[in-house]
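Chemist: Take this sequence and fold it.
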Amino acid sequence: MEPHKKNRKNVVNESQVDLETEKKKNLTVKDWSSEDQPREKLITKGKKELSTAELIAILIGSGSVGQSSVELAKEILKSNNDDLSLLSKQGINDLTKNHKGIGEAKAVSIIAALELGYRMLTEQNEKKEYYGTDSSEVFKYISPSLLDLPHEEFWAIYLNTRNKILFKKRISIGGINETPVDIRLIFSTALEWNAVSIIVSHNHPTGKVTPSTKDRQLTKAIAEAGNILKIKLKDHIIVGINEKNQPDYFSFYDNGEIL
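Modeler: Just a heads-up that it's a prediction; the model follows:
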């Protein structure tokens, strides 16, 4: 009888362990211990101590059956190669369709948070002084406006006599492969603001920054128009993503295609 009782006790203990494990799987952030709650962790230890997944978990609030909010956040990040710039391209339908436990409200929270981050970066860029003498600096200035767009946009950047960037202006919005550009609009703005030189830039949503034949033809046409008006085209920057999924650019000046 003793061995039988012992076995029965083991079965009961194992059942309790299984039950506790199942309960933990279904816990929301509020149900966790203080040490494990991302929200509590942020309050007690500071925002820098949280992983990206934990920050997203705070936005989500709760997970789904059998999956905590942190696990769900990790799943979302993994599906976007742990790249927030890729995640920022996801729309409401993408998030709700591809991730069980993400409804419209949670998707909106994630999208809104990423948009706030983008706007903060844009504001910082606007406050800093940039000069058009180095393509990498121009890329830092214009890339927040062009990266992560699902369509092409064409922008003009206006400079003064010291090559200081005065401001930038979106000239046109297009489709996935191209955008129409009105050269007159580029230079009418330059004349209005007494800019002495310009830099133009556009993005390739497909990623590769290699210029197309049309890109080269457009660059030549803009340069020729600028020569007539005595407003020099200093560079044309194409913004995109490289093979390592990192922001990248092509400079016509650096590659000897603008003199």
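Chemist: Now do the phi/psi pair for K169.
Modeler: Main-chain dihedrals, K169, degrees, to the nearest 10: phi -140, psi 130.
Chemist: switch to numbering from 526
Modeler: With 526 as the first residue, the last one maps to K694.
Chemist: I'd like the distance between it and Q562.
Modeler: K694 sits 46 Å away from Q562, going by Cβ to Cβ, to the nearest Å. C-beta: built from backbone N, CA, C; applies to glycine.
Chemist: These two: which has the busier surroundings?
Modeler: A count of neighbours by other Cβ atoms under 10 Å puts Q562 above the other of K694 and Q562, at 21 against 14.
Chemist: List the strands paired with the helix or strand hosting V764, with their directions.
Modeler: In this assignment (DSSP states H and E), V764 forms part of strand 757-766. Applying DSSP bridges, strand 757-766 is found paired with strand 722-728 (parallel), strand 772-776 (antiparallel).
Chemist: so which of those gets nearest A578?
Modeler: strand 772-776 (22.3 Å; Cβ to Cβ).
Chemist: Quickly compare the strands paired with strand 757-766 and say which is most buried.
Modeler: Highest mean neighbour count among the strands paired with strand 757-766 (mean count of other Cβ atoms under 10 Å): strand 722-728, with a mean of 25.
Chemist: contacts for that strand?
Modeler: Strand 722-728 has contacts (Cβ atoms under 8 Å, 6 or more residues apart in numbering) with 657, 663, 667, 671-672, 674, 677-684, 688, 696, 704, 711-712, 715, 740, 744, 747, 751, 756-765.
Chemist: The residues you listed, buried ones only, as a PyMOL selection?
Modeler: Burial among those is assessed by 16 or more other Cβ atoms under 10 Å; the matching PyMOL selection reads:
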select buried, resi 657+663+667+671+672+677+678+679+680+681+682+683+684+696+704+711+712+715+740+744+747+751+756+757+758+759+760+761+762+763+764+765
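Chemist: Helices - which of the contacts of strand 722-728 land there?
Modeler: V663, I667, L671, I711, F712, A715, D740, T744, I747, G751 (DSSP state H).
Chemist: Which residues does the nearest residue to W718 once chain neighbours are set aside form beta bridges with?
Modeler: Leaving aside its sequence neighbours, W718 sits nearest to Y683 (Cβ to Cβ, 6 or more residues apart in numbering; 6.0 Å). On the basis of DSSP bridges, Y683 is bridged to F692, I723.
Chemist: With P772 as the reference, measure out to the most centrally placed residue in the chain.
Modeler: Residue closest to the average C-alpha location in the chain (Cα atoms, centre = their mean): S610, at 2.7 Å. Noted for S610: a distance of 7 Å to P772, by Cβ to Cβ.
Chemist: Also A578?
Modeler: 22 Å.
Chemist: Return, as residue ranges, the portions of the chain with sub-threshold pLDDT.
Modeler: Within the chain, the segments meeting pLDDT under 70 span 526-561.
Chemist: quick one, domains of it?
Modeler: The chain breaks down by automatic domain parsing into domains covering 527-646, 655-776.
Chemist: Mind listing residues that contact stretch 640-658?
Modeler: Residues outside stretch 640-658 that contact it (Cβ under 8 Å, 6+ apart): 609, 613, 662-663, 665-666, 669-670, 673, 682, 684, 687-690, 722, 724, 759-760.
Chemist: go again using 7 Å as the cut-off
Modeler: S613, E662, V663, Y666, P669, I682, L684, N688, K689, I690, I724, K759 (Cβ atoms under 7 Å, 6 or more residues apart in numbering).
Chemist: who touches K625 in this structure?
Modeler: S589 are the contacts of K625 under Cβ under 7 Å, 6+ apart.
Chemist: Next, give phi and psi for it.
Modeler: Dihedral angles of K625 (phi, psi; degrees, to the nearest 10) stand at phi -60, psi 130.
Chemist: distance of it from E579?
Modeler: In terms of Cβ to Cβ, K625 sits 20 Å off from E579.
Chemist: again with Q742
Modeler: 49 Å.
Chemist: which non-adjacent residue is nearest the residue nearest to the centre of the chain?
Modeler: Distance criterion Cβ to Cβ, 6+ apart; nearest residue to S610, sequence neighbours excluded, is D673 at 5.4 Å.
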